[in-house]
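Enquirer: Give me coordinates for this.
(2 chains, ligands or ions: 2)
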Protein chains: 2
Amino acid sequence: MADAGALDALVQALRILPGVGIKSAQRMAFHLLQRDRAGAGQLALALQTAATSVRHCERCHTFTEAPVCATCLDPARDRARLCVVETPADQAAMERTGAYAGLYFVLMGRLSPLDGVGPKEIGLTQLIERACDGQVQEVILATGFTAEGEATAHAISEALKRRGLHVTRLARGVPVGSELEYVDLGTIAHALVDRR
Amino acid sequence: MADAGALDALVQALRILPGVGIKSAQRMAFHLLQRDRAGAGQLALALQTAATSVRHCERCHTFTEAPVCATCLDPARDRARLCVVETPADQAAMERTGAYAGLYFVLMGRLSPLDGVGPKEIGLTQLIERACDGQVQEVILATGFTAEGEATAHAISEALKRRGLHVTRLARGVPVGSELEYVDLGTIAHALVDRR
Ligand SMILES: [Zn+2]
Ligand SMILES: [Zn+2]
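Expert: Ligands and ions are numbered 1, 2, ... in the order given. Have a look, this model is predicted:
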């Protein structure tokens, strides 16, 4: 694409984005440089700001700019229930159902040995510690109903039951093979009520 | 997605990229912050560098960091032939055929009145000036064989023929309805030989 080193560097840099191949990266670079240089500047700033200021909540591991996130600090939430989700997007989907008022633990991933994601990467030790705070009476496993999500739920369930905790799983109302964040709200709400 | 203003700002900023909706933007932000902060920093830098250093070649309008691009300056290129393409990606496709040794004019778009892209936006005046340099003997129109690409070729052809220039069009070997950059090289090479 032309003889611009800076342009080639941009195309290569865009390819680090998930789902973006060479053709998409070229289109993105063309669009930004030809039609939206202001947008390119905004994106650069947003990337830098987020990369330096976004950290993980000390209690639930979700993204936050404070040591502890607003949800964990909210005194109105039910501290007896802890819902384990894979990502902040899954947490947001749970929140949108309006059917859950407890707290969360966000794994920021799911067990995937082939990708090098093990118990340490999903914070299993911290989850056990968090669930054993004496206030949590039920841990609701809301990982995805994919093979990896199920394996993750199974591993967490075993670890927590060994410590005498009451562990439930979202009901199978959630279509098998799907990611939680794409499921319609009614199905999630139903699965929450029918948790086993 | 969590309570991080910087994270929301990043998700919004990613949506300026063509083809990226809210779900893709959330996935990209999650991937960058959870798995590739170094990549996020590199992308930010590449965006800034490209947005400030990439300009348009004074002669052919393609992206370059110098006043005139390397192709336009190459003494080995045939200065009697000028190929008009829509984008740098289309120019790169022409180059990969190895069947063309002339120069280029890159419209950086195509006529699209509904999107506010008129003769001025594609540099029609500069193209006419460029084609009338006294050295160009043939202008080869290699805009896409889409409705907009054909309309663009027609408008340019009319303007150049009025000035006595010899104008040709890639042969219809190129499948109708397709973008040039996705066409296989052999078809492009064949269409170049059969230009009419
Ligand atoms: Zn938290
Ligand atoms: Zn040039």
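Enquirer: how many neighbours does residue A:69 have?
Expert: Using other C-beta atoms under 10 Å in any protein chain shown, residue A:69 has 25 other residues around it. (Glycine included, C-beta is placed from N, CA and C.)
Enquirer: Next, give phi and psi for it.
Expert: phi -70, psi 160 (degrees, to the nearest 10).
Enquirer: What score does it have for pLDDT?
Expert: Residue A:69 is assigned a predicted lDDT (pLDDT) of 95.
Enquirer: quick one: it and residue A:61 touch, right?
Expert: No. Contact criterion C-beta atoms under 8 Å: residue A:69 and residue A:61 do not qualify, at 9.2 Å.
Enquirer: what about the spatially closest residue to residue A:163 that is not a sequence neighbour, distance to chain B?
Expert: Distances taken as C-beta to C-beta, 6 or more residues apart in numbering or on different chains put residue A:132 closest to residue A:163, at 6.0 Å, once the chain neighbours are dropped. Residue A:132 sits 24 Å away from chain B, going by C-beta to the nearest C-beta, to the nearest Å.
Enquirer: and residue A:132, how many residues sit next to it?
Expert: Residue A:132, neighbours per other C-beta under 10 Å, totals 13.
Enquirer: again, but for residue A:134
Expert: Residue A:134 - counted by other C-beta under 10 Å - has 7 other residues nearby.
Enquirer: helix, strand or coil for it?
Expert: coil (DSSP: H, G, I helix; E, B strand; the rest coil).
Enquirer: Could you pull up phi and psi at it?
Expert: Residue A:134 adopts backbone torsions of phi 90, psi -20, taken as degrees, to the nearest 10.
Enquirer: same question, the one 4 residues further on
Expert: The phi and psi torsions at residue A:138 (degrees, to the nearest 10) take the values phi -150, psi 130.
Enquirer: Would you mind listing the residues in contact with it?
Expert: A:80, A:81, A:82, A:165, A:166, A:167, A:168 (C-beta atoms under 8 Å, 6 or more residues apart in numbering or on different chains).
Enquirer: Redo those residues as JSON lines? Include distance to residue A:184.
Expert: Listed next are these as JSON lines, based on distance: C-beta to C-beta, whole Å:
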{"residue": "A:80", "distance to residue A:184": "28"}
{"residue": "A:81", "distance to residue A:184": "23"}
{"residue": "A:82", "distance to residue A:184": "24"}
{"residue": "A:165", "distance to residue A:184": "30"}
{"residue": "A:166", "distance to residue A:184": "28"}
{"residue": "A:167", "distance to residue A:184": "26"}
{"residue": "A:168", "distance to residue A:184": "21"}
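Enquirer: Most neighbours of all these, which one?
Expert: Counting neighbours by other C-beta under 10 Å, residue A:82 comes out on top of the contacts of residue A:138 with 25 neighbours.
Enquirer: In chain A, which residue is most central in space?
Expert: Chain A has residue A:87 as the residue nearest its centroid, 0.9 Å off, counting by C-alpha atoms, centre = their mean.
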